[in-house]
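Chemist: pasting the structure only:
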C-alpha cells in the first residue's frame, strides 16, 4: 500500500534576505528573515505579513533568536 503524505506547502519555508527592500511581495502570514545587522548579536530580524489593509499587507518586524549552529 503506497500512501501519499501531504507535502509541506512552499509558504512554510523561511527565506533569508540580506536587505529588507529585497523582499518582493510579502503575503499575509508569510515570514522572512532579514540579516542586515540591525539586530543584536545572535539575533536576526523577522519580517511578517501580519494584517491585510486597504493598501496591501502590513509588515511587522522583530528581532528573534538566530537558530542553527554557533559559529566561532
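Modeler: In hand now; what should we look at? From a predicted model like this one, the values you see are computed outputs, not experimental measurements.
Chemist: Okay, now the unreliable bits of the protein?
Modeler: By pLDDT under 70, the weakly predicted segments of the chain are 1-13, 69-72.
Chemist: distance between the ends of stretch 33-42?
Modeler: The stretch stretch 33-42 measures 13 Å between its terminal residues, going by CA to CA, to the nearest Å.
Chemist: Next, the buried residues of that stretch.
Modeler: In terms of neighbour count (16 or more other CB atoms under 10 Å), stretch 33-42 has its buried residues at 34, 39. Bear in mind the C-beta positions are built from the backbone N, C-alpha and C, glycine included.
Chemist: And that stretch, how far out from the chain middle?
Modeler: 13 Å (CA atoms, centre = their mean, to the nearest Å).
Chemist: Please apply the same query to stretch 42-58.
Modeler: On the basis of CA atoms, centre = their mean, stretch 42-58 sits 9 Å off its chain's mean C-alpha point.
Chemist: Please enumerate residues in contact with that stretch?
Modeler: Counting by CB atoms under 8 Å, 6 or more residues apart in numbering, stretch 42-58 makes contact with 16, 20, 23, 26-36, 38-39, 59-66, all of which sit outside it.
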